[in-house]
Structure formats: C-alpha cells, structure tokens
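[1] Give me coordinates for this.
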Amino acid sequence: MPRSKSFILAIVMLTLAALACAVPGVVNTDAVGTTAAETIVAGLTQNVTNTFTPTNAATLTMTFTPTLIIPTGRPATETQIPASVEPGVSIFGTATSSPTTGAFETFTATVVEMSVTRPTNCRTGPGKSYDIVGTLLVGKTVTVLGRDPTDNYYYIPNPDGLTEYCWVWGEYAVFTGSQFAMPAFTPPATPTSTVTPIPSLSFKLKGNGMASCSGAWWMNIEITNFSKYTFGSVKIEMQDITKNVFRVVAYNDFPSTTGCGNLSISDNIPIEASVVVSGPKFDYNLRDSSLRGSITVCSEDDLKGVCTTIKAPFNP
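    Residues are numbered from 1 along each chain as shown. This is a model prediction of the structure:
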C-alpha cells in the first residue's frame, strides 16, 4: 500500500477510536486490538513531527465601561425650520427671533378692548385741537391699538370709517384688559389753525346835510352799498362832542326826511345802490357842534346776519 494511503487510514481509525471512548455506553463493535493500535500510533509518530497539547480554554469575562457622550450643537447653516412654520414665528404661537441668532425671545400678545358709557368724539389726534372724524357710541366695542403719553386718549380703528384710525378720549372709557399694556404713540403735530375770514359788508358814508322840524335837528347820511349782500337794517349812533350829548336810532328799513312831512322810505339797500338815511334827532340846533357818528349796517332785519360798523366825523 502506498504511504499516503496508509497515513489516511491510520487517521480515520484513530478518530473512530476517540469517538468510541468519548461517548459513554457506546460499544465499539469494530474496536482495534491493543497491539494493532500501538503499531498505528508508532506509525503516526514517525510521520507527524508537530504535536498539539490541549490546555484549558481561557475564561472570557465581559465588562462594560460607560462612555460620556456630550452632544454638540449643529452649525447654524444646518438649522432646520419646519416647512409649515415661517422663520421668526414659533409653532407655539409666540414670536421668536431668527433661529440662526441662537437666542429665542418670547412674548404673549395682549388684546385690550374698550367701550364708552357716553358717546365720545374720535379725532385725528389726541386733543380738542384736532378735527373730529368719528364717534364711538355706547354699546360699541373696539380694539385699543395704543395710547398717548398722557394716558388721556387712545388710538382705535375709526368706528365711522371716515379715516382708518382715530383718537378717542378716555374719560368715559371702560377697558377689557390693561390699557397701560398698550404702547405709547407720539401724537401727530397739532394742526395749524386756519382762520376763516369773517364775512363783512363794504359800504361808503357821506354827509347829506342837516334837516329840522318843530325844534328837532338831525343829520342825513348817504350810504352806498359795495358788498355782495343787500342791506336789511341799520343803526346810527351820533355823539355831539362839543356838548357831550349822545343819541341813537335803529331801523329795519331806511327812512329819510328833509323836513316836516317830506318822508321817503327804502325797504333795503340793494347791491351797488345808494340810499339817504336820517340820523337820530337832537332838541337843539347842531350848527355849532362837532359830530362823530358810528353807523352799523346788517344784511338782515333786527341787526342780524352779516354786520359791519364804520365810524366817521360829520359836519352839520
């Protein structure tokens, strides 16, 4: 038998013998005799030079040492913002700063509402010098947007819509929430007052001589109308400066007389027309007196409507 085959056969028989010895109660019916086994072992010794001596296997003990992990912040460029939330708006309903700043500020919005116990004007500014553009009525509730620095007026949406916003006086205000939580607004500049010119009458006066009747003396005065109004009434005040005597007369028409029985009356003085009117009567001759008159004409009866007064000296 060639040598390689002998070597293989010897290993197979050695393996079978070991299995027979390792399993208790197993009878090896094909056991090899002692002499034959020794012959095989001797053959193996001659052909195998490296031997292996088994030792007890080392016991492996498992140990666990915890490691401290310190999380590090993500770079600002990697900050994720939910697609449904805009930057600067918290998902919890409070305002926040931009995520890239690293700081988050929160606040809770305060809603303040007001109503009034008496109707109150709403103006373009916080004061009576500003124009009235609306009225906050009893039963109407509005949102307060701000206050003036004196806490007397409050900035609200205009209830009447003439302007978008207006200022209402807080004297009769009833608040829901604290009005002091509102920001203080700098009021607009006080509007420059526009003086509306008072209408006046334009006319000219001219002495038309002295007249007398039954011991009474008076001055006739010519009045010329240069106005856009018709004159409806007149008052003539005449003072004798020399004797310090004062007389006055008023008419709802314009009578004139040059003596006893020569009476003419004009109902009014039309535009661009002239009418002679007799002044108040004195009970003495005015020839040597110095007279000073104050003549008031008005556009309506009873010295009403548009009125204007001119003072002038008269010589009898």
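[2] For this protein, which element, helix or strand, carries the lowest mean pLDDT?
    Least confident helix or strand, the chain: helix 34-47 with a mean of 46, by mean pLDDT, DSSP states H and E.
[3] I'd like the domain boundaries of the protein, if you could list them.
    Using automatic domain parsing, the domains assigned to the chain come out as 113-181, 203-314.
[4] Tabulate these in CSV, adding columns for distance to residue 187.
    (C-beta placed from N, C-alpha, C; glycine too.) Below are these laid out as CSV (distance: least, CB to CB, whole Å):
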stretch, distance to residue 187
domain 113-181, 5
domain 203-314, 37
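[5] In terms of mean pLDDT, which of the ones you listed ranks lowest?
    Note on the domains of the chain: domain 113-181 shows the lowest mean pLDDT, a mean of 90.
[6] For it, measure first residue to last.
    End-to-end distance of domain 113-181 (CA to CA, to the nearest Å): 12 Å.
[7] so can I have CSV of the domains of the chain showing mean neighbour count?
    Shown next, in CSV, are these (neighbours: other CB atoms under 10 Å):
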stretch, mean neighbour count
domain 113-181, 16
domain 203-314, 16
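[8] ok, which stretches of the stretch 51-200 of the chain are strands?
    In the stretch 51-200 of the chain, the strands defined using DSSP state E, counting those that start in this stretch lie at 113-116, 120-123, 132-136, 142-143, 146-147, 153-157, 165-169, 173-176.
[9] what's the closest of those strands to residue 266?
    strand 132-136 (44.5 Å; CB to CB).
[10] And that closest one, what does it pack against?
    Packing partners of strand 132-136 (3 or more CB pairs under 8 Å, 6 or more residues apart in numbering; DSSP states H and E): strand 120-123, strand 165-169.
[11] List of residues touching it?
    For strand 132-136, contacts defined as CB atoms under 8 Å, 6 or more residues apart in numbering pick out 115-116, 119-124, 142, 156, 158-163, 166, 168.
[12] what's the answer for stretch 293-313, then?
    199-203, 205, 219, 221, 223, 227, 229-239, 250, 252, 269, 279, 290-292, 314.
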